[in-house]
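>>> kindly generate the corresponding structure for this input.
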Amino acid sequence: MAYADLRQFIKVLEESGQLMTISASVSAELEIAEITDKVSKSKDGSNKALLFTNVKGYDMPVLINTFGSMQRMCMALEVEKLDEIGARIKQLVKPKVPETFLEKLALLPTLVELGKFPPKLTHTPAPCQEVVITDPSAAMLHKLPIITCWPEDAGPFVTFGTVITRDPKTGIRNLGIYRLQKYGNTQTGMHWHKHHDGARHYEEQRRMAEQEDKRSGKISEPPNYGTIFAPPPSITGSQASPLQSQRSGAMHQFNPAPVMVNFDAPKNSGTNKLEVAVALGCDPAVTYAASAPLPPDIDELLFAGFLRQSPVKLVKCKTVDLEVPATAEIILEGYVDQSELKEEGPFGDHTGFYSLAGMFPIFHVTAVTHRYNPIYQTIIVGKPPQEDCYLGKATERIFLPLVQLLVPEIIDMNLPWEGVFHNCVILSIDKRFPGHARKVMSAVWGLGQLMFSKFIIVVDKDVDVHNLSEVALNVFGNTDPRRDTMFVDGPLDILDHSCPMLGYGSKVGIDATRKWKAEGFERDWPKPLEMTAEIQQLVASRWSEYGFN
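Below you'll find the predicted structure:
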């Protein structure tokens, strides 16, 4: 049974002992983040979802660390193991072709199930619109307990908002989780990376605006919008951000850099604005789906319906032409304008380092709608383990069958959270021909967001990729550095601070499989140490007789 909303999931967490309610007065500036960081890394059983009910200066509780364990991640998606979802996906994308009449009948339930997934628009009053605020002189963003996570952050950030846009060319909807730096009561930054679909929609809207203005004669040449999503000129090498030097005293006394406006850009065409909605506190399936690396033309709300086995209910926004999850806690409505960029960041990121400041679009809030007595759901990221680690692990297990569909020789995959899910991929393969590991590396570098993989380690199928000690033993023992490493250049994640150019640098594949004579290895490859099955069974059966528990 799908969760009706976030509140129902909170109730389940509470009943299962996975929620801790904190009534002590706490600050949204650093204190909530420090508490959560300690809890997420605890090993004494205190790692629970946290509900802060007494946040200084706000009349709204804060929910955090909601998905911060494998148990809670499985509870969120209503499975015993995350691989169950992967198995369901595999059945859909690679079903057995029915040969008999009975097999055809057995396939009907699967075909009927597919019809249950698409989201449905509701015309009845929606919970997320029980309160509607459109007056910018009223408290809009100021009423939300937006947290400041790390000491050198440029200010408070909305960190767990489901950002909804529509491709201006195709009309296809996209959901993604992008951070929003609060600039004021009605403005935030919009941290879109150029590789992500939200930024693609933004860029498509810009191109359409240029074409429209050229047709209307407003401009003869496309205006110079500058480099979008690049560090500002003031930041070079180890120089501190101007934001850092301008901040003093209290955390909120920061002075963001002036808005970068392209004064040659058209001012009144009306086509240079991309409408955006941000949903906060959705049901767990919607929130996870927004984080999933789906292909560009797959609606995340369709995928959420698949996960929850029930369609997601949507409602029309009040001030923009978008639909949002009807049972969300809070909705931010607004737009970004192609002619405006503003310095955003720095921000303590999931890499364990601060992302440097850069120029990003401004999100103008035109309305805030919410439920009565809303709950503000947020997240902090930083050195693992954090809540995002378990969202990433869910993606690893759920999407493995799709990776195997395209690269069938892959047996298993591990994205260790120390690699923040784009710096390192460990694969075991069924090696069948010389150079097979290199073929797999090349294939993986061509698969969606796996293209960002800075290190790919390939081992044989009998190696447990989730046992990092076993992986290390094979890497250190089975490789000749000159022979078994393959370097390539290509796109890297925007958050990779080590690459020589933003989003572009070198990557390496390490072939830690056993080498064959056909690969030029003329020596004998030694057998790995392994006890006989008979002795293993004998010792296991007599274990207590030896005096062990």
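>>> leaving out chain neighbours, which residue sits closest to Leu51?
Spatially, and ignoring its direct neighbours in sequence, Leu51 is nearest to Thr21 (4.7 Å; Cβ to Cβ, 6 or more residues apart in numbering). For every residue, glycine as well, the C-beta is placed using N, CA and C.
>>> surely that neighbour is in a helix?
No: under DSSP: H, G, I helix; E, B strand; the rest coil, Thr21 sits outside any helix and is assigned strand.
>>> from Arg542, how far off is it?
50 Å (Cβ to Cβ, to the nearest Å).
>>> got any ranges where the stretch 201-350 of the chain has weak pLDDT?
The stretch 201-350 of the chain contains residues with pLDDT under 70 at 202, 206, 209-210, 213, 216-271, 338.
>>> which parts of it are strands?
Counting by DSSP state E, counting those that start in this stretch, the stretch 201-350 of the chain has strands at residues 260-261, 273-280, 313-316, 323-325, 330-344, 347-348.
>>> contacts for the fourth one?
Among residues not part of strand 323-325, those counted as contacts by Cβ atoms under 8 Å, 6 or more residues apart in numbering are 119, 121, 128, 162, 164, 173, 277, 279, 282-283, 286, 301, 312-317, 331.
>>> circling back to that earlier point, so which of the strands of the stretch 201-350 of the chain is the most surrounded?
strand 323-325 (a mean of 27; mean count of other Cβ atoms under 10 Å).
>>> pairing partners for that one, with directions?
Sheet pairing for strand 323-325, assigned by DSSP bridges, gives strand 313-316 (antiparallel).
>>> rewinding a little: give me the more crowded residue out of Thr21 and Arg542.
Just comparing Thr21 and Arg542: by other Cβ atoms under 10 Å the higher neighbour count belongs to Thr21, 13 against 10.
>>> how far away is the more buried one from Met359?
41 Å.
>>> same thing with Phe157?
From Phe157 to Met359 the distance is 17 Å (Cβ to Cβ).
>>> again, but for Leu301
31 Å.
>>> please identify which of these two sits among more neighbours.
Leu301 (29 against 22).
>>> for Ile456, helix, strand, or coil?
Taking three-state DSSP, the label given to Ile456 is strand.
>>> that one against Ile510, yeah?
Yes: between Ile456 and Ile510 there is a contact under Cβ atoms under 8 Å: 7.0 Å.
>>> the two - which one has more neighbours?
Using other Cβ under 10 Å as the criterion, Ile456 and Ile510 rank with Ile456 on top: 24 against 21.
>>> center of this protein - which residue?
Ser291 (3.6 Å; Cα atoms, centre = their mean).
>>> contact partners for that residue?
176-177, 391, 395.
>>> now intersect these with the helices, please.
391, 395 (DSSP state H).
>>> can you select the buried ones from the contacts of Ser291 in PyMOL?
Buried subset of those, written as a PyMOL selection, criterion 16 or more other Cβ atoms under 10 Å:
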select buried, resi 176+177+391+395
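>>> ok, of the contacts of Ser291, which one's closest to Leu468?
Of all the contacts of Ser291, Thr395 has the smallest distance to Leu468: 19.1 Å, by Cβ to Cβ.
>>> doesn't Phe421 make contact with the closest one?
Yes: between Thr395 and Phe421 there is a contact at 7.3 Å, judged by Cβ under 8 Å.
>>> secondary structure element for Ala437?
helix 436-444 (DSSP states H and E).
>>> Ile535 too?
helix 533-541.
>>> in that helix, what's buried?
Buried, per 16+ other Cβ under 10 Å, within helix 533-541: nothing.
>>> need the contact partners of it.
By Cβ under 8 Å, 6+ apart, the list of residues contacting helix 533-541 is empty.
>>> start the count at 738, not 1, going forward
In the new numbering, first residue 738, that becomes helix 1270-1278.
>>> report the rounded mean pLDDT for it.
Per-residue pLDDT values across helix 1270-1278 average out to 96.
>>> off-centre distance for it?
45 Å (Cα atoms, centre = their mean, to the nearest Å).
>>> and what of stretch 1023-1035?
With Cα atoms, centre = their mean, you get 9 Å for stretch 1023-1035.
>>> what would that stretch look like as PDB? C-alpha coordinates only.
Provided in PDB are the C-alpha atoms of stretch 1023-1035 (Å, rounded to 0.1, in the frame of the first residue of the first chain):
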ATOM      1  CA  VAL A1023       8.300  11.000  -5.400                       C
ATOM      2  CA  THR A1024      11.300  12.400  -3.500                       C
ATOM      3  CA  TYR A1025      13.500   9.400  -4.400                       C
ATOM      4  CA  ALA A1026      12.300   9.500  -8.000                       C
ATOM      5  CA  ALA A1027      13.400  13.100  -8.300                       C
ATOM      6  CA  SER A1028      16.900  12.000  -7.300                       C
ATOM      7  CA  ALA A1029      17.100   9.000  -9.700                       C
ATOM      8  CA  PRO A1030      19.200   9.300 -12.900                       C
ATOM      9  CA  LEU A1031      16.400   8.600 -15.400                       C
ATOM     10  CA  PRO A1032      16.700   9.200 -19.100                       C
ATOM     11  CA  PRO A1033      15.700  12.700 -20.200                       C
ATOM     12  CA  ASP A1034      12.300  11.700 -21.700                       C
ATOM     13  CA  ILE A1035      11.100   9.500 -18.800                       C
END
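>>> hmm, Gly1156 is touching Ile1194, no?
No: in this structure, Gly1156 is not within contact of Ile1194 by Cβ under 8 Å, at 10.1 Å.
>>> which one of those two has more residues nearby?
For Gly1156 versus Ile1194, neighbours defined as other Cβ under 10 Å are more numerous around Ile1194 (26 against 18).
>>> need the per-residue pLDDT for the more buried one.
For Ile1194, pLDDT reads 97.
>>> Asp1221 versus that one, what's the distance?
Taken as Cβ to Cβ, the span from Ile1194 to Asp1221 is 10 Å.
>>> mutual contacts of those two, please.
Contacts common to Ile1194 and Asp1221, judged by Cβ under 8 Å, 6+ apart, are 1247, 1249.
>>> got a list of what the closest residue to His1203 other than its chain neighbours touches?
Closest residue to His1203 apart from its sequence neighbours, by Cβ to Cβ, 6+ apart: Asn1151 at 5.1 Å. By Cβ under 8 Å, 6+ apart, Asn1151 lies in contact with 1133, 1162-1164, 1202-1203, 1208.
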